[in-house]
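Participant: Sharing a sequence plus its predicted fold:
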Amino acid sequence: MRFAKLTLSLLAGISPLAAHGQIVTAPVEEQGASTAPGDQDRTPEEVQRSSVASDIVVTARRRAEQVQDVPIPISVVGVKELDSTGSFNVQRLQQLQPTLQFYSTNPRNSSVNIRGIGAPLGLTNDGIDQGVGVYIDQVYFSRVAVATLDFLDVQQVETLRGPQGTLYGKNTVAGAIAITSKAPSFHFEGRSEVTLGSLDLKQAKASVSGPLSDTVAVRLGLSSTSRRGTIYNVASRRYVNEQDNLGVRGAILWNAADNLKLTLSGDYNRQNPECCAQIYVRNGPTQRAANRQYAALTAAFGYAVPSTNPFDRLTDVDAELNALNILGGASLRGELDLGSGTLTSVSAWRFWDWGPANDRDFTGLPITTLSQNPTKQNQFTQEFRYAGEGNGFDYVLGAFGFYQDIHTTGVQQQGSAASRWLLAPSNALSNDPSVLNGLTAENDIRLKNFSGALFAKFNWNVADKITVSPGVRINYDDKVGSYVSIVRDSAGVLVPYSGGTARQAAQREAIQPQAFNNEAYRAWNLSYDLTLSYKPSRDVLLYATYAHTFKSGGLNLNGVPVVSGVVQTSLAQVAPEQVDHFELGAKTQFWDRKATFNVTGYWTSIKDYQAVVNNGANSTLRGYLANAGSVRVRGVEADFSLRPTKNLSLYINGAYTDHEYVEFVNAPCPPERSGGTAAPLGSAGGTPGVPGQLSPVVCDISGQWLPGISNWAFSYGGEYNVPAKVFDLDGEFYIGADASSRSKFSSNASRSIYTDINGYTLANARIGFRTDDFNLFGWVRNALDEKYYDVLATTPGNTGLIAGQPGDPRTYGFTISKAF
């Protein structure tokens, strides 16, 4: 059996790398936490190099706690592990955490899921929220595009699995990723790192921090990454799918009073690679007439792709490619010790500028010559939170406000090959290139999004070993959006919604004009949860959780079907997901805390699951959202780590996930069934609400897999070190190896025989020498040069062409870093 990628992990916050300080948090005294039990009798060096999970401090519940005492499944990755494994962004972070999944065809069309839940796989829709919250220094990031940017001067990353709406500002049904940057220091310090590797990889990082006065400290961090593309475009004679990242972050800490700290921070991140091409993987028969399928169409043009072996990594796409991705902003955090707790205020502004250029036909033919939707976004958030404690209890009370303004101005233009490729051969106009050549859609998409919430979490120690933790959240969402798509032919003549000439009817088969304005979604929602935890001994924690929560409803801002010239605005709104989540877990340590074993079982049921639907009424793909009846995800996660000696550490983690659409009777058909018999709209298999009309075939995929989830996933590895002295430097030589595996998974909203991705294993290794302030090591990623796909996708026209993104080949290089 072959398995898929799932790399070194820290499910429950422990990994063999922790044995060498690879998993660390900010110094315990800076976080206000006490020393771990038993540490009083150990030297600072022994504490630093300990592998026990009880030494790891997290702030998942808005207070500093040892990770093994928190009744939440948490993965913790420290700065040293991020650096040593090359995990310089959220996208790479999935290789450290098996239950974290990241899929991306470009920075905008990205999704971050935990346990397979979070966002539908496919085109990003600005009108809905993410199910996984990404927080950087307690600021919520609404756009997953941040997942592709480099980490900037990061201290640690906490990944919380399961609903977190009663602890965090924005409601999250699948979990949260909380990233903590290094704080300004009142002791002068700095660090620099350089990495060089294959594919012309060049990466440099630097940070410096120190005092400006007795009460003011400053920190500045820089990062730059460039790498040659992994795909060669034989048409442009350039490599594409490259990396080109630049980031800067600064922070000022002012201890304004003994009980008041203010932190002002700002960051700017820019990504500008020639990206992102998906290339030919395979083609397969569909239900369409033979002359409308890929083999016949390419033969008619006398066209052949550069290679039918995707791992030759060749393409000939003829449209411009670009993925300009700029994110930045500023935040002010105030922390006031007040009464028995701390009052925290986090005020933030974020911006996002997205400037893409895509080839949406995935070939060297001039079918779609322009496809780009540049976007500008501004986001404002305000959170107030009080974390207090009393006699036998502690609590968190919070209020959160979020406002987002998005404006997208896009264009799609067809080329001279579009008529033959997209129109039915039975239509004589398919032989006239001028019918679709120059056909252009200009899109104007707007969203104003407000969300406000009150939330509370209470931990009551009803007995010495038993804690009851209820939580509640009241949330209000108000979204107003518009979608306008104006279509003109090459002469500038408007294409009407319906009617007109035969030529205009053919043009609507390619691009359907439509408009709806000021569609609104407004709703109140209530979430609540309850956790019971029992700690029979110092090294054992048992817990059970039930949570009822929701993922906010929203608006379809990628367009909706048009029937007989009528825009189906009833489909513009998407209902919220209703989530019921059950979880049982145990966290244990034994053998004098040299071994850790944590296990979690969970069952998540979602009603009105937000799923991507493809509007088959048009020959160019246009994804929009609808609600599936229900889905279920359940599974078991187990994590074991062992450090038998101070020189050797080992770990193995595993996850089994059972997942399915419990009910989805009107799903889009997979490509092998596209082009079949039509079904009445409003029937069991059709689009609801418009009786008597016909729609393309839809399929009942109840019982089928959800996309992006493997049944089995494992990560395993270890590290060995020996003390050594090199050039009068006391340190150690070390060698480490880690592997990650996952089984087959579906890469399409409706499972297809063409888009299943076979399981695979990725192996990474490193060898080096390090001291307390110096590290030099060589590394290799995907050491066995496994051939695998990140994602597979269907393509416009339903011709049977499947495009995809091959995963990175074997890469190697070295990294050197120095701290002072």
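Facilitator: That came in fine, so what should we check first?
Participant: For stretch 396-404, give me every contacting residue.
Facilitator: Residues outside stretch 396-404 that contact it (C-beta atoms under 8 Å, 6 or more residues apart in numbering): 61-63, 140, 142, 167, 169-170, 377-388, 447-457. For the C-beta atoms, the positions are set from N, CA and C on the backbone; glycine is no exception.
Participant: distance of residue 815 from residue 193?
Facilitator: Distance, residue 815 to residue 193, by C-beta to C-beta, to the nearest Å: 7 Å.
Participant: More neighbours: which of those two?
Facilitator: residue 815 (21 against 17; other C-beta atoms under 10 Å).
Participant: So the more buried one belongs to a helix, correct?
Facilitator: No: under DSSP: H, G, I helix; E, B strand; the rest coil, residue 815 falls outside any helix and is assigned strand.
Participant: Got a quick ChimeraX command for the buried subset of the contacts of stretch 396-404?
Facilitator: Typed into ChimeraX, the next command selects the buried ones out of the contacts of stretch 396-404 (criterion: 16 or more other C-beta atoms under 10 Å):
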select :61,62,63,140,142,167,169,170,377,379,381,383,384,385,386,387,388,447,448,449,450,451,453,455,456,457
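Participant: Could you pick out which of the contacts of stretch 396-404 are located in helices?
Facilitator: With helices defined by DSSP state H, no entry of the contacts of stretch 396-404 lies inside them.
Participant: So which of the contacts of stretch 396-404 sit within strands?
Facilitator: If you go by DSSP state E, the contacts of stretch 396-404 have 140, 377-388, 447-457 in strands.
Participant: So what touches stretch 287-299?
Facilitator: For stretch 287-299, the surrounding residues in contact (C-beta under 8 Å, 6+ apart) are 283, 285-286, 304, 420-421, 424-426, 672-676, 697, 798-801.
Participant: Let's see the distance spanning that stretch from one end to the other.
Facilitator: 19 Å (C-alpha to C-alpha, to the nearest Å).
Participant: Return the set of buried residues in that stretch.
Facilitator: Applying a neighbour-count criterion of 16+ other C-beta under 10 Å, one finds 287, 288, 292, 293, 294, 297, 298 buried in stretch 287-299.
Participant: can you give me how far it is from the chain middle?
Facilitator: From the chain centre to the centre of stretch 287-299 is a distance of 36 Å (C-alpha atoms, centre = their mean, to the nearest Å).
Participant: Residue 645 versus residue 591, what's the distance?
Facilitator: Plainly put, residue 591 is 12 Å away from residue 645 if you go by C-beta to C-beta.
Participant: Return the distance of stretch 595-612 from the chain's centre.
Facilitator: On C-alpha atoms, centre = their mean, the centre of stretch 595-612 falls 17 Å from that of its chain.
Participant: which element is the residue nearest the centre of the chain on?
Facilitator: The chain has residue 112 as the residue nearest its centroid, 2.1 Å off, counting by C-alpha atoms, centre = their mean. Here residue 112 sits within strand 110-114, counting by DSSP states H and E.
Participant: Go ahead and produce CSV holding the CA coordinates of the next helix or strand after that strand.
Facilitator: The C-terminal neighbour of strand 110-114 among helices and strands, as given by DSSP H and E, is strand 132-136. Coordinates of the C-alpha atoms in strand 132-136 are reproduced here as CSV (Å, rounded to 0.1, in the frame of the first residue of the first chain):
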residue,chain,number,x,y,z
VAL,A,132,-10.2,27.6,9.9
GLY,A,133,-9.1,30.8,11.5
VAL,A,134,-5.6,32.1,10.9
TYR,A,135,-4.4,34.5,13.6
ILE,A,136,-1.1,36.3,13.7
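Participant: Residues touching strand 132-136, excluding its own?
Facilitator: Residues outside strand 132-136 that contact it (C-beta under 8 Å, 6+ apart): 90, 112-114, 118-119, 140-141, 144, 146-147, 164, 168, 170-172, 174-179, 181.
Participant: What would stretch 461-479 look like as PDB? C-alpha coordinates only.
Facilitator: The C-alpha trace of stretch 461-479 is given here as PDB (Å, rounded to 0.1, in the frame of the first residue of the first chain):
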ATOM      1  CA  ASN A 461     -12.800  23.200  39.200                       C
ATOM      2  CA  VAL A 462     -15.700  21.400  40.800                       C
ATOM      3  CA  ALA A 463     -13.200  19.000  42.500                       C
ATOM      4  CA  ASP A 464      -9.400  18.700  42.800                       C
ATOM      5  CA  LYS A 465      -9.300  16.600  39.700                       C
ATOM      6  CA  ILE A 466     -12.400  17.500  37.700                       C
ATOM      7  CA  THR A 467     -13.000  20.700  35.700                       C
ATOM      8  CA  VAL A 468     -16.200  21.700  33.900                       C
ATOM      9  CA  SER A 469     -15.800  24.200  31.000                       C
ATOM     10  CA  PRO A 470     -18.900  25.600  29.400                       C
ATOM     11  CA  GLY A 471     -18.600  28.200  26.600                       C
ATOM     12  CA  VAL A 472     -21.100  30.300  24.600                       C
ATOM     13  CA  ARG A 473     -21.000  32.700  21.600                       C
ATOM     14  CA  ILE A 474     -23.600  35.100  20.200                       C
ATOM     15  CA  ASN A 475     -22.800  36.200  16.600                       C
ATOM     16  CA  TYR A 476     -24.300  38.600  14.100                       C
ATOM     17  CA  ASP A 477     -23.400  38.600  10.400                       C
ATOM     18  CA  ASP A 478     -24.300  41.300   7.800                       C
ATOM     19  CA  LYS A 479     -23.100  40.800   4.300                       C
END
